[in-house]
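Visitor: need coordinates for the following:
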Amino acid sequence: MIVKAAVPSVLSERALLLDVGYRALSIVSVRRAILLLISQKAELVHEGKHSVRSERIEVNAPSVIRLRYQVAAPYRRRAPLHRKAVFARDGSLCQYCGRRAECIDHVYPRSKGGPHEWENVVACCRPCNAAKGDSLPENSKFKLKAVPYAPEPVALAAALRQGIPTEWDAYILNPLPLSA
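Guide: Residues are numbered from 1 along each chain as shown. Below is the predicted model:
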């Protein structure tokens with residue numbers, strides 16, 4: 001029995017949703033983006049490579065759309081903190097020595113009351129992590145190459161997604177480097 005791999009649908013691809021001021025609100029499915037375009041709630045900013053056909057119409061799949069009216073921005077929750085997200089933010093490089101990172105490190109160790117949040121977690125190589133141990137930054141020889149920060153949720157989602165369209169770069173405030 002031969003099993004063929006399913007071809008992903010164009011409708012399952014993603015589109016960037018902008019507010020009236022061209023700021024990134026979220027990433028939506030192409031299906032949702034087309035529904036917003038057809039209902040005249042959004043306008044097309046950039047087209048994608050593919051098209052979607054129905055019995056009566058053919059629409060180019062949108063890559064970036066903009067809402068036509070102002071909406072109350074939902075509560076801007078923080079991006080979820082997990083290992084893959086920390087590696088994406090830090091470019092998979094150790095924030096102490098610059099080598100390839102293999103683990104994460106709490107700048108202020110949890111054993112000393114350090115919180116598990118974006119501003120306290122960095123990507124780190126194993127030798128630096130082992131040498132630093134649970135020492136505080138002021139008591140260790142290790143200095144951070146960059147100050148850890150909480151990335152924008154949309155920028156993180158785009159960085160974690162493989163092959164994001166280049167036209168998204170103009171609308172994402174602090175794009176993160178793509179990591180493997």
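
Visitor: helix or strand for the spatially most central residue of the chain, which one?
Guide: When Cα atoms, centre = their mean is applied to the chain, the residue found nearest the centroid is residue 156 (1.7 Å). Applying DSSP states H and E as the criterion places residue 156 in helix 153-160.

Visitor: could you list every helix and strand that that helix packs against?
Guide: If you count contacts as 3 or more Cβ pairs under 8 Å, 6 or more residues apart in numbering; DSSP states H and E, helix 153-160 packs onto strand 24-29, helix 83-90. Just so you know, the C-beta spots here come from the backbone N, C-alpha and C atoms, and that holds for glycine as well.

Visitor: residue 127: which of the ones you listed is closest?
Guide: Taking Cβ to Cβ, helix 83-90 is the member of the helices and strands packed on helix 153-160 nearest to residue 127, at 16.5 Å.

Visitor: so which helix or strand takes in residue 144?
Guide: Applying DSSP H and E, one finds residue 144 in no helix or strand.

Visitor: could you dump the helix holding residue 156 to CSV, C-alpha only?
Guide: Extracted in CSV, the C-alpha atoms of helix 153-160 (Å, rounded to 0.1, in the frame of the first residue of the first chain):
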residue,chain,number,x,y,z
PRO,A,153,4.5,38.0,20.6
VAL,A,154,4.1,38.6,16.9
ALA,A,155,7.9,38.8,16.3
LEU,A,156,8.4,35.6,18.3
ALA,A,157,5.7,33.8,16.4
ALA,A,158,7.2,34.9,13.1
ALA,A,159,10.7,33.9,14.1
LEU,A,160,9.5,30.4,15.2
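
Visitor: pretty sure residue 164 contacts residue 158?
Guide: Yes - the pair residue 164 and residue 158 passes the contact test of Cβ atoms under 8 Å, sitting 4.9 Å apart.

Visitor: and those two? Which one has more around it.
Guide: More neighbours surround residue 158 than the other of residue 164 and residue 158, with 23 against 19 (other Cβ atoms under 10 Å).
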